[in-house]
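Chemist: show me the folded form of this:
(one chain, ligands or ions: 3)
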Amino acid sequence: MADFKLPKNSTVTEGKTFKLDGDVKNKKSFRVYRWNPDGEENPRLDTYEIDMDNCGPMVLDALLYIKNKIDPTLTFRRSCREGICGSCAMNIDGTNTLACTKAIEDCHSKDDIKITPLPHLPVVKDLVPDLNHMYAQYASIEPWMKTDSPAPTKERLQSPEDANRLNGAEGHGPAMCILCYCCTTSCPSYWWNGDRYLGPSTLLQASRWVHDTRDEATGERLDALEDPFKLYRCHTIMNCTSACPKGLNPAKEIAEVKKRIAERQH
Ligand code: SF4
Ligand code: SF4
Ligand code: FES
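Modeler: Residues are numbered from 1 along each chain as shown. Ligands and ions are numbered 1, 2, ... in the order given. Next comes the predicted model:
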């Protein structure tokens, strides 16, 4: 029988523990993935105790507490702190989500809350994943409006119904995607075929342009997507839709692109 072994440096080890001094009544521990590309050491999970009476309610508050008060070497991305920029996406308590909108009290683990980078991606440092490949895939679908007709003197108008197809009547349409990649990194098909399969985030964006009634390159877009790997690696497992912290439905958008391709064949 084949004997598979992981390389030695892929094993995550137990790291340091940063205990709180004194008698702190309301404390919680966070186990955080650490890895430094400049060192020789394996990745590790460091444990940080936090005084919850002096920390905000969200997981991002806990990370900022650690960085500002305990360990300034901890590296993570964040910007808007209100679920708009997508930069604080990570795996928290076993789920891909946004650190700024995930309440600490909503974590299933009441103590020892584990925080790791988005899975199945190369790590740049600590909680920062390398998104270059995904950004290149996003660029490949040409996410901008393409038109051949002469530009109008004012903006290109769209009916409220057509706009709703993109924005969603309740704000959950594909145009609301914040490119956080929680969905793509939870997709088993993307884990195995991410070199060629575009993944749910990029396909949801592709659907957004296919369904934009102002765009005049729909046929060309569908031609580019009609590919056994780029599109048809989606097997409707639905992890993507469960993972989206914005309540979007990438699996449905992918199904609608497949339907548009099937319809034009008749
Ligand atoms: S529905 Fe498709 S894109 Fe979503 S997780 Fe499943 S295989 Fe991936
Ligand atoms: S569809 Fe949702 S999970 Fe996926 S990138 Fe967009 S906002 Fe993030
Ligand atoms: S910091 Fe912008 S989405 Fe979390």
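Chemist: show me what contacts residue 23?
Modeler: If you count contacts by CB atoms under 8 Å, 6 or more residues apart in numbering, residue 23 has none. Where you see a C-beta, it was placed from the backbone N, CA and C, and this is true even at glycine.
Chemist: which pLDDT value goes with it?
Modeler: The model reports residue 23 with a pLDDT of 91.
Chemist: need the three-state assignment for it.
Modeler: Secondary structure, DSSP: H, G, I helix; E, B strand; the rest coil: residue 23 is coil.
Chemist: from the stretch 1-150 of the chain, which residue is nearest to ligand 1?
Modeler: In the stretch 1-150 of the chain, the residue that lies nearest ligand 1 is residue 96 (11.3 Å; CB to the nearest ligand atom).
Chemist: so that residue is in which element?
Modeler: strand 95-98 (DSSP states H and E).
Chemist: who are the packing partners of that strand?
Modeler: strand 89-92, helix 239-243 (3 or more CB pairs under 8 Å, 6 or more residues apart in numbering; DSSP states H and E).
Chemist: the first one near ligand 3 at all?
Modeler: When you say that, I think you mean strand 89-92. No. Using CB under 6 Å from any ligand atom, we find that strand 89-92 stays clear of ligand 3, coming within 7.3 Å at best.
Chemist: please work out which of the helices and strands packed on strand 95-98 is packed deepest.
Modeler: Scoring these by mean neighbour count under mean count of other CB atoms under 10 Å gives strand 89-92 as the most buried, with a mean of 26.
Chemist: sketch out the low-pLDDT regions of the stretch 1-150 of the chain for me.
Modeler: For the stretch 1-150 of the chain, no stretch has pLDDT under 70.
Chemist: ok, how many other residues are close to the residue in it positioned nearest to ligand 2?
Modeler: The minimum distance from the stretch 1-150 of the chain to ligand 2, using CB to the nearest ligand atom, falls at residue 86 (6.1 Å). Look at residue 86: counted by other CB atoms under 10 Å, it has 20 neighbours.
Chemist: tell me the secondary structure at it.
Modeler: Once three-state DSSP is applied, residue 86 turns out coil.
Chemist: which residues touch it?
Modeler: Per CB under 8 Å, 6+ apart, neighbours of residue 86: 98, 178, 179, 180, 181.
Chemist: then residue 215?
Modeler: Contact analysis of residue 215 by CB under 8 Å, 6+ apart lists 145, 146, 147, 209, 221.
Chemist: so which of the residues you listed are in helices?
Modeler: Using DSSP state H, 209, 221 are the members of those that sit in helices.
Chemist: using PyMOL, define a selection of the buried residues within the contacts of residue 215.
Modeler: PyMOL command restricting those to the buried ones, with burial defined by 16 or more other CB atoms under 10 Å:
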select buried, resi 209+221
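Chemist: can you show me the helices along the stretch 51-200 of the chain?
Modeler: Secondary structure of the stretch 51-200 of the chain (DSSP state H, counting those that start in this stretch): helices at 59-65, 132-140, 160-167, 188-193, 199-210.
Chemist: just name the most buried of the ones you listed.
Modeler: Comparing the helices of the stretch 51-200 of the chain by mean neighbour count (mean count of other CB under 10 Å), helix 199-210 ranks first with a mean of 26.
Chemist: which strands and helices lie in contact with that one?
Modeler: By 3+ CB pairs under 8 Å, 6+ apart, helix 199-210 packs against helix 132-140, helix 188-193, helix 218-225, helix 250-264.
Chemist: of all those, which one is nearest ligand 3?
Modeler: helix 132-140 (16.1 Å).
Chemist: what lies in contact with the closest one?
Modeler: By CB under 8 Å, 6+ apart, helix 132-140 touches 179, 181, 184, 194, 195, 198, 199, 201, 202, 205.
Chemist: hmm, try it at 7 Å
Modeler: Residues from elsewhere that reach helix 132-140 (CB atoms under 7 Å, 6 or more residues apart in numbering): 181, 184, 198, 199, 202, 205.
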